[in-house]
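Undergrad: sequence and predicted structure below; questions after.
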Amino acid sequence: MMGFLISIFIMNAIINEIQVTYIPNQQMLGIQKITNSQGCFNVLWPLFSQDTIHLREEFIILYLNRSNRVLGYFKAFVGGNSSVICDVKIILAVALKGMASSIILSHNHPSGNLSPSEQDLRLTKRVKSACKEIDIELLDHLVIGSNGGYTSLADEGLL
């Protein structure tokens, strides 16, 4: 008898609706085309919070169409002064919702050190592997220094 009551309760339970939206600005859609790491940096640099770039890490993803034109960006994660925790599922969920064909990862190092850490390399490998499974290309991962310099993992052969 108890099992019957539980079954009725579950069948009548209200569940949460999940809604995700992506509303492109038609005037801006695909204006900026990424052709190299310098162009990528030029798009990304103004997206970082200049007031806190020396204090904490931010992780920003660019989402691109098949022609490498920027669909948009997502300021996904904010961390402390020496690390930021990233969730691959969130990175790819936004890519899927935006129908992105490729992505570019970026994060800043408040110290100004432009060398990718072991954690940076591991995350890049995980994202690249996950992207491959859903036919999205990881084009690059930029480590941006608080002083305005950058290192491209693609340019360095680390992708």
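TA: Sure thing, it's come through. Numbering: from 1, shown residues only.
Undergrad: relative to I136, how far out is the residue positioned nearest the centre of the chain?
TA: Nearest residue to the geometric centre of the chain (C-alpha atoms, centre = their mean): I61, 3.1 Å. Using C-beta to C-beta, to the nearest Å, we find I61 at a distance of 11 Å from I136. Every C-beta, even on glycine, is put in place using the N, C-alpha and C of the backbone.
Undergrad: list residues touching both of those two?
TA: Residues touching both I61 and I136 by C-beta atoms under 8 Å, 6 or more residues apart in numbering: 95, 103.
Undergrad: packing partners for the longest helix seen in the chain?
TA: In the chain, with assignment by DSSP state H, the single longest helix is helix 118-133. Counting by 3 or more C-beta pairs under 8 Å, 6 or more residues apart in numbering; DSSP states H and E, the packing neighbours recorded for helix 118-133 are helix 88-97, strand 102-109, strand 137-145.
Undergrad: so what does the second one touch, helix or strand wise?
TA: Packed against strand 102-109, as judged by 3+ C-beta pairs under 8 Å, 6+ apart, are the following elements: helix 37-44, strand 58-64, helix 88-97, helix 118-133, strand 137-145.
Undergrad: the shortest one pairs with which strands, parallel or anti?
TA: Strand 58-64 has these partner strands in its sheet, going by DSSP bridges: strand 70-78 (antiparallel), strand 102-109 (antiparallel).
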